[in-house]
Each structure stands twice: as structure tokens, then as C-alpha cells.
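Novice: Next comes the sequence, and after it the predicted model I'd like to discuss.
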Amino acid sequence: MSEDYSSFRSGRELRAGVLMWQVCSPVLIVLGTIGNIITIIVLSKPRFNRSASTVFLLALAAADLSMLYIGLLRQWVKYAFDFDIRHASEAVCKMHWWLMYVMSDWTVWTLTAITVERLIATLWPYKSKRICSKRLAQAAVGGIVLSALLVNCNLLYGFGDVEITEGNSTITLSCIPVNDSYARFFGKIWTWIDLCKFSLVPFAILSAGNVCIIYKLLQSRRKVGNGIRPANQDAPRDKTSNMSVVLVCLNFMFIIFTLPVSVYFIGEPYWIPADVPRAVQLQDPWWAVVNLAMYTNNSCNFVLYCLTGSRFREEVKRLFRIWRSTVQPDRVLATSANRTFNVSGTI
């Protein structure tokens, strides 16, 4: 074992980091797949698909599902089977780098758009349907995706296979910066650009939005307790409050689960020695913890919707009742057929 390897982390710690990727990744992929698919099915019901919030939540579920299969699945395959899909070909390398950043931006800015929409709905509940229409929400999602595709397109150029000649031999290094100038740009400039667009700016908007929404919700509850609100205004405000509570919890969960990976990237140059090989850094247990926390956010939104959204929870229960009612008759028919076959066989 080299000295820089042993001084950074012990072999046992590095094995623990690899084990976390191997064990936790498939669990998150399975749970996230089931949860996001059910979320898409439920939110596609006529009861939900009339609002702008539903458009954003559907886009968020699609982005979460994509993050699990583009990002986390690659990590699991790499640590479990020692195969990195980025090394399959130069084209796959470029596409994967690009799509990872696109999906990350799609997720965070969709959540930011929901926050803005909910803030408008909380401040002006009776004007929000005109201000935040379903068509405008669809246009906003399209704008977010298009912007993410364009802003991150430098990655399609910047990474690829590089041939290095040493004496009479030529070595090909897969999926690395194509030249020194891009490596400097990626390490010193792009890292801060990505930090701003993925963390600092969205976190500021989400935090400010949460504070305003929570303040208005508490103010509204106080008025209800004092009997100030007219009875005929209960229904629309209750729907707004319910959705706003879901959003506040969604925002807090996003900040809690994604903040560690942002802090890790900021502090990485300071607490990881420069001479530690990249392959060793990627086995660091803290690298596994912060990344798996980020992917947990892509996996557990369904649980949050069930815990905080009464309408969503009711629709999920209805969906499972329908599923059980369709499965049980099939079982009854199969059982009857087996009994008939057994009786006729005895004859």
C-alpha cells in the first residue's frame, strides 16, 4: 500500500466506502423506481392534472427517475462489477457527463419553479390560476430542460479519450479532459459555475420561498383560529395550504440531502491531499455518504408525498384498492380452474 493511500484513509475505511455503494445503490434504485413510477401514475389522474403544480411535480419525478438510472446505476455497476460505462466509448463518455449535469440542473430548477409557483399561490390564492396556468408551467419546464441542455453543452466537447505517447508506446486514457486548458477551466471555473447554478442560487431561492410560505401559512392558521376567514373561502385555501406544506417539506428535504455533496466539493481541495490518486478518492467513505444522500433525495419523494399530501395519499390508496380488486378475481378464477382440473383428474 502506497504512503499517500495509507495516510489518506485506511484500507478498511476504503472498503467500507465501496461496500456502501454496493449495498445502498440497488436499494435506492428499486425504491426510487417504484416510488417515482407510482407518483407519475397518481399525478396523471384527472383529479390532479389540472394544476400547474402537478406539471412541475411530474417533471420532478421524471428527473428523479433519470438521475437514478443515469447517475446511481452507473455508480453501482462500477463498484459492484468493476465496469465504468463512461469507458465504453468516447461518445458514451461525453453523453454521460453531459446528461448527469443536465439532470441535476433539471431537478433543482424544477423544484425552484415549484417554489415560485407555490409562493404566488400562497400570496395571491385567487389570482394564481391566471398567473400560474398549466400551459405556463409546461413552458417553464420546457425552458428549464432546454437551458440545462445548452448551459452544460461544454461537457460534450471537454471530455474524451486522450492518447499519450511515451517513447515508442502510446497509452490511451479514457474519459478525461481533452487538453490542459479545458482541465484548468473545469477545475477552477466550471466547478464554481456549477456550484452557483446547482447549489447557491437555488438554495437562496428555496430558503427565501420557504420562509415566506411558512410565514403566510402560520398567519392564515392564526386567522382561522380567530374566526376571521369567511366560510366560503375554506376550500381553495385548504388546497393551497396542503400543497404548500408538501412543497416546504420537499424543499427542506432537498436542502438537507444535497447540501452535504456541495460542501464536500467546496472543501475537497482542502481536506484531501493533492497526491492522493483519484481512484483512491472515489473509495472514500465520505464521498459515498454525500453522494448516496443526494440520490436518496431522488428516491424518497414518494414517501414524502404520502406523509404530507392527504389528496395524494387518498389516490394512492384508491390505486392499490383497484389493483387488489383486479388481482383477486384472477386468483379466484385460477383456484377454481385448478380445483376443476383436480376433480376431473380423479374421475
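Specialist: Yep, that arrived.
Novice: I'd say Gln75 and Trp21 touch.
Specialist: Yes. In terms of C-beta atoms under 8 Å, Gln75 counts as a neighbour of Trp21; the distance is 5.7 Å. C-beta: built from backbone N, CA, C; applies to glycine.
Novice: Could you look up the SS state of the residue nearest to the spatial centre of the chain?
Specialist: Nearest to the mean C-alpha position of the chain, counting by C-alpha atoms, centre = their mean, stands Asn298 at 3.1 Å. Put simply, Asn298 is helix when judged by DSSP: H, G, I helix; E, B strand; the rest coil.
Novice: who's in contact with it?
Specialist: Residues in contact with Asn298 (C-beta atoms under 8 Å, 6 or more residues apart in numbering) are 28, 32, 63-65, 67-68, 72, 107.
Novice: Inside helices: which ones of the residues you listed?
Specialist: Using DSSP state H, the members of these that fall in helices are 28, 32, 63-65, 67, 107.
Novice: Can you verify my assumption that Leu259 contacts Pro202?
Specialist: No. Leu259 is beyond contact range of Pro202, at 11.1 Å (criterion: C-beta under 8 Å).
Novice: List the buried residues of stretch 11-25.
Specialist: 14, 17-18, 20-21, 24-25 (16 or more other C-beta atoms under 10 Å).
Novice: And Ser181, how far from Ile189?
Specialist: 11 Å (C-beta to C-beta, to the nearest Å).
Novice: re earlier: ok, so of the buried residues of stretch 11-25, who is nearest Ser310?
Specialist: Ser310 lies nearest to Cys24 out of those, by C-beta to C-beta, at 30.9 Å.
Novice: what's the closest residue to the closest one other than its chain neighbours in contact with, if anything?
Specialist: Distances taken as C-beta to C-beta, 6 or more residues apart in numbering put Leu292 closest to Cys24, at 5.2 Å, once the chain neighbours are dropped. By C-beta under 8 Å, 6+ apart, the contact list for Leu292 reads 20-21, 24-25, 28.
Novice: any idea whether Leu292 is helix, strand or coil?
Specialist: Leu292 - assigned by three-state DSSP - is helix.
Novice: what about Asn154, how many neighbours?
Specialist: By other C-beta atoms under 10 Å, the residues close to Asn154 number 17.
Novice: Does it touch Trp190 like I think?
Specialist: Yes. Counting by C-beta under 8 Å, Asn154 does reach Trp190; the two are 7.3 Å apart.
Novice: what separates stretch 195-213 from the chain centre, distance-wise?
Specialist: Centroid displacement of stretch 195-213 relative to its chain, using C-alpha atoms, centre = their mean, to the nearest Å, is 16 Å.
Novice: In that stretch, which residues are buried?
Specialist: Buried residues in stretch 195-213, defined by neighbour count with 16+ other C-beta under 10 Å: 197-199, 202-203, 205-206, 209-210, 213.
Novice: Can you pull out the low-pLDDT segments for the chain?
Specialist: Where the chain drops to pLDDT under 70, the residues are 1-10, 223-241, 327-347.
Novice: One more pass at 50, please.
Specialist: For the chain, applying pLDDT under 50 flags the ranges 1-3, 5, 230-236, 332-333, 337, 339-347.
Novice: Provide a complete list of residue ranges assigned to strands in it.
Specialist: Along the chain, counting by DSSP state E, strands occupy 159-166, 169-177.
Novice: returning to that earlier point: distance to Pro277 for the contacts of Leu292 - can I get that in TSV?
Specialist: Compiled in TSV, the contacts of Leu292 are given as follows (distance: C-beta to C-beta, whole Å):
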residue	distance to Pro277
Met20	20
Trp21	18
Cys24	24
Ser25	23
Leu28	27
